[in-house]
Each structure stands twice: as structure tokens, then as C-alpha cells.
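S.K.: from the sequence below, what's the structure:
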Amino acid sequence: MARRVALVIGLAAVVGVAAGVGAHVLTAPSAARPAALPLPELHGQATWPAGMRRAPQFTLRDVLGGSVSLASTRGHATLLAFLDSRCRSLCPIVGRALGDVQRALPAGARPDLLVVSVDPAGDGAASVRSAARRWRMGPGWRWLTGTRLQLAAVWRSYGIAVRPRSNDIVHGAAVYLIDPHGYERAGYLAPLLPNFLALDVRRVEARSPAAPRSSDA
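M.R.: The predicted structure is shown next:
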């Protein structure tokens, strides 16, 4: 079996199971209701314990220059997203939510934000800068691209399906929270809840001590 089932499918299953359990509890006779379940540590549709699920490594080219590896973000929490700068449907919703997360946190506590392109032909410097402005992303984001072969390997390793169509690209829009030690801790599907995601970033940072970061970002 492949190492990873597509996150969209996995998270949908998690949500479906949770909905079924919740409906059962709400309709059960009061005498038979179980004690309240503990709240989850993190708020993703899928979560993993610390040290369990190593994030697949990659190195890609930054659209604005240079190259970026996932390993280079080690030491602080990282949000990893898969977006299209020219998209006018789901990507702006996810992008604005990520911008909201950045603004919800003090400058020195913001996660590294890596966006992996799902449209290498369209994600040029002008296009990604325009998207970042429209979505109000703060300083520190990196938009990564490469050859289609390089990107396809990253998409596949994170369970992101990308299907080009006429005048459009259909793709998964999952966001991953990766802890300072390089482990996946949570996966989120749109619509994201920025306050919960910001809280998760704080929790992951607090429980994975790392060197203090600059507040100049």
C-alpha cells in the first residue's frame, strides 16, 4: 500500500466518522450517554502525535529567487499549502485564511509559510505577488515552484491531486502544520478557521522548544 492515502480522502473519512459519532451521542438516551470526550490537542480534520509522521522532504525553487528546502524551516512551526495564484475560487479562501493566521500572531511567533505551486506555468513573480497582496499575506511567505516532474513528486508525497482542465486546474487544497522538528502534526481542509489554526501553531511551538526567532519579519 502506498505510504500515504490522499489527505482529502482521509480527512473526509475522519469528518464522516466524527459526524456519525456525534449524531449517535446526540440522539442516545441521556442515561446511556458517555462522558464528554476530551477536546483534541489540535484542530485539524486529521492530527498526528508528535514524532509519529515525518513530513516528506523536498527542495524547490522560490518563484521570487533562490531555492527553499523544507529542512531549512526546521526549528519553527511551518504551514505548508498548495495553491494557484490565478485561482478565483478556493485558493483565495485558503490564502486569506493563512494571511489571517499570520496577523493573529505576534511577528516573532508567526510560522514559516510555504506555498507549493499547483500551476507552475502560471505562477510567475508578478502573479504570486499580486495574490499575496489580495490575500493579505504578511512578510515571510515563500512561493515554491519547479519542473512539473519535481512538483508532481511533492504533490504525490502530500496526497495532493492536481488535474489540469481547460482554463482551470482542479487540485487538493489541504494545509499541513509541521512542527519545529519536521513532523506533521495536523492537516486542514477549507474553510480554515484562522483563530484555531493560530492556536495550533502556538501549541506546537510551545511543545517543541526551539531557538527564538527574530521579530523583524
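
S.K.: what's the spatially most central residue of the chain in contact with, if anything?
M.R.: Nearest residue to the geometric centre of the chain (Cα atoms, centre = their mean): Val175, 1.9 Å. By Cβ atoms under 8 Å, 6 or more residues apart in numbering, the residues touching Val175 are 79-81, 94, 98, 187-189, 192, 197. To be clear about C-beta, it is placed using only N, CA and C from the backbone, and glycine gets the same treatment.

S.K.: mind running it again at 10 Å?
M.R.: Listed by Cβ atoms under 10 Å, 6 or more residues apart in numbering, the contact partners of Val175 are 7, 44, 79-83, 94, 97-98, 101, 113, 115, 186-190, 192, 197.

S.K.: what of Ala126?
M.R.: Neighbour list for Ala126: 63, 85 [criterion: Cβ under 10 Å, 6+ apart].

S.K.: same question for Phe58.
M.R.: Residues in contact with Phe58 (Cβ under 10 Å, 6+ apart) are 68-71, 80, 114, 116, 144, 146, 150-151, 153-154, 157-158.

S.K.: how near is it to Val201?
M.R.: To Val201, Phe58 is 21 Å away according to Cβ to Cβ, to the nearest Å.

S.K.: so where's this protein uncertain?
M.R.: For the chain, residues meeting the criterion pLDDT under 70 lie at 1-40, 165-168, 209-217.

S.K.: picking that back up, from the contacts of Phe58, list just the buried residues.
M.R.: Buried by 16 or more other Cβ atoms under 10 Å: 68, 70, 80, 114, 116, 144, 146, 150-151, 154, 158, out of the contacts of Phe58.

S.K.: about what we covered before: of the contacts of Phe58, which belong to strands?
M.R.: Secondary structure from DSSP state E places 68-69, 80, 114, 116, 144 of these in strands.

S.K.: ok, back up a step: so which pair among the contacts of Phe58 is furthest apart in space?
M.R.: Within those, Ala71 and Leu151 form the most distant pair, 17.9 Å apart (Cβ to Cβ).
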